[in-house]
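Engineer: 3D model of this:
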Amino acid sequence: MSGGRPPQHFGFVQFEFAFALGPADGRYVTRSEADGEPDRIVVLRTVGAARRPGVGRRRPRRAEEGDEPARVPTVRATVIRAEGLGTAEEASEWLDGLRRDRERLTAEADSAARELNALLRAHRAAAADPSARDVAPAGATAVRAGYGSGEQVADGRFAAAYELPPTPPGSSARRRTESLAPDERLAAILSRREEVLACEELVLRARGDVQAGRSREAALQARIALESLLAELDDMDPERRAELDADREAVGRAANSALRGDLDHGVQEDVTAAVGRMEAALRVRRLRRV
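Structural biologist: Below is the predicted model of the structure:
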């Protein structure tokens, strides 16, 4: 082969989910600004799902005991860096560095998940489809980081990749009381011995918006979450309540700014900190009931 330029290689993170994401299979390009350069290319491909018998029928089919469970689709989402890594050797060096640094590896997966969630958010709005939910690396059946040529990654394939551990790297084991709390509380909720507070769901939504980088939605969600939490948690210790009550001003200001446009970094940090304090208050409440 003569002296042409060696093929460019691209880094990617690939997720596999055992449920449909919403958007149709295909390639999607994301940009940080209108008419700007591409940031990431997201390739969606459904694999490993057989067509169910009778798809398209209009009448219910009689179910038989012992029927095999319906096969579910596996959706492979490959989030590709638009900026190349260089030659195969340079790409291999990048991947080795990623593999040796667990924090970088986790950050790469989280960044790719945010890009994928931006696509899912766009689909929700474009298709008016509320069933398309955000995803997280922890909810995937497999997460891989790797590299390949442009032709390979555009088809969901790769030259080399590493599969991430099923639990988030760097996470420490929880104390026994914390690990048992969700199961015990689930049983209490299902038996009607305890109720789910509105603020719990609202704080979770605010955290989801923070993690997805949706700063305006996070600020608006945090305001109603905070008001709901202060109204529903009547057994907080005075110091924690005073701290959350003091967050009202910053969160309210952030929500008002969000109605007018994007938030600056400092305001985003105020919202993130307030959401963290709300989560801490709920965590204390849960552990108190274990």
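
Engineer: so how many other residues sit close to Val203?
Structural biologist: By other C-beta atoms under 10 Å, the residues close to Val203 number 24. In short, each C-beta sits where N, CA and C put it, glycine included.

Engineer: Likewise for the one 10 residues further on?
Structural biologist: Taking other C-beta under 10 Å as the criterion, the count of residues near Gly213 is 15.

Engineer: measure the nearest residue to it once chain neighbours are set aside to Val72 for me?
Structural biologist: In this structure, Gly213 finds its nearest non-sequential neighbour in Arg114, 5.3 Å apart by C-beta to C-beta, 6 or more residues apart in numbering. Distance, Arg114 to Val72, using C-beta to C-beta, to the nearest Å: 25 Å.

Engineer: Then Arg59?
Structural biologist: For Arg59, the distance to Val72 - C-beta to C-beta - is 23 Å.

Engineer: got it, and Glu200?
Structural biologist: Glu200 is 29 Å from Val72, by C-beta to C-beta.

Engineer: three-state assignment of Gly208?
Structural biologist: helix (DSSP: H, G, I helix; E, B strand; the rest coil).

Engineer: Kindly state the pLDDT recorded for it?
Structural biologist: Gly208 carries a pLDDT value of 91.

Engineer: what's around it, how many residues?
Structural biologist: Gly208 has 17 neighbours, counted by other C-beta under 10 Å.

Engineer: next one: Arg216
Structural biologist: By other C-beta under 10 Å, neighbour count at Arg216 equals 19.

Engineer: Run through the residues that contact the spatially closest residue to it that is not a sequence neighbour.
Structural biologist: Nearest non-adjacent residue to Arg216, counting by C-beta to C-beta, 6+ apart: Ala258, 4.0 Å away. Contacts were defined as C-beta atoms under 8 Å, 6 or more residues apart in numbering; by that measure Ala258 touches Ser215, Arg216, Glu217, Ala219, Leu220.

Engineer: Kindly recompute the last result at 6 Å.
Structural biologist: Each residue near Ala258 by C-beta atoms under 6 Å, 6 or more residues apart in numbering is listed here: Arg216, Ala219, Leu220.

Engineer: Tell me the secondary structure at it.
Structural biologist: Here Ala258 is recorded as helix under three-state DSSP.
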